[in-house]
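Enquirer: Fold the following for me, if possible:
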Amino acid sequence: MFIRDRPNAARAHLSASIYLQMALKPHIVHIVGHTEADHAATADDVIDASLMARQAINNALKGQPDMLADPAIQARKDHLIAEAQVTLQAIRNLAGPSVQDPLTNPATLGKAVRAGILDAPHLRKSGHKGWRREMNQKLNRKSRLLTAYPVRI
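Expert: As a prediction, the model looks like this:
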């Protein structure tokens, strides 16, 4: 998030998002620079973002409320895990019988990109931007859990 006339708001967003991420006790923190929506991060931008992230991490490690105890958070987590499992199974289904691990097999992953299962804005030629929406609609017919949290595309 970068707001041209309010760069401090983007900095605050970066710090708050890192602080919230720490509730999940991550092994790795990926810092998205506060300027990336506007321009490629410069060395100074990366240093600034890293210092903000370090402070947010230190604050979180000193103690923060247990946000994971909230039933709504747990329900959302369960929904995201179930949705991820559907995506992983769809990838596994593309693999040939001789493939030992479809999730690390380049040919299978290539098929997943071409089929639109693994899709992202920069993969413009995949032609399957609606796969997630279509899959969610199919799942919604089968699962009350997934209907409670529709995917926003």
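
Enquirer: So what does Met67 look like in phi/psi?
Expert: Backbone geometry at Met67, expressed as degrees, to the nearest 10, gives phi -70, psi -20.

Enquirer: and if you look at Leu51?
Expert: Dihedral angles for Leu51 - degrees, to the nearest 10 - are phi -70, psi -40.

Enquirer: And for His34?
Expert: phi -70, psi -10.

Enquirer: Tell me if I'm right that it and Ser50 touch.
Expert: No. In this structure, His34 is not within contact of Ser50 by Cβ atoms under 8 Å, at 11.1 Å. C-beta coordinates here come from the backbone N, C-alpha and C atoms, glycine included.

Enquirer: Can you pick out the residue with more neighbours from these two?
Expert: Legend: neighbour count by other Cβ atoms under 10 Å for His34 and Ser50, higher for His34 (25 against 13).

Enquirer: list the contacts for the more buried one?
Expert: Each residue near His34 by Cβ atoms under 8 Å, 6 or more residues apart in numbering is listed here: 1-2, 7, 10-11, 13-14, 45, 48-49, 52.

Enquirer: next one: Asp66
Expert: Taking Cβ under 8 Å, 6+ apart as the test, what Asp66 contacts is Ala23.

Enquirer: so which strand or helix has the residue nearest in space to the middle of the chain?
Expert: Residue closest to the average C-alpha location in the chain (Cα atoms, centre = their mean): Leu80, at 9.9 Å. Assigned by DSSP states H and E, Leu80 falls within helix 71-94.

Enquirer: how about that helix: buried residues?
Expert: Residues 79, 83, 86, 90-91, 94 are the ones in helix 71-94 that count as buried (16 or more other Cβ atoms under 10 Å).

Enquirer: How about stretch 7-21?
Expert: Here stretch 7-21 shows 10-11, 14-15, 17-19, 21 as buried, counting by 16+ other Cβ under 10 Å.
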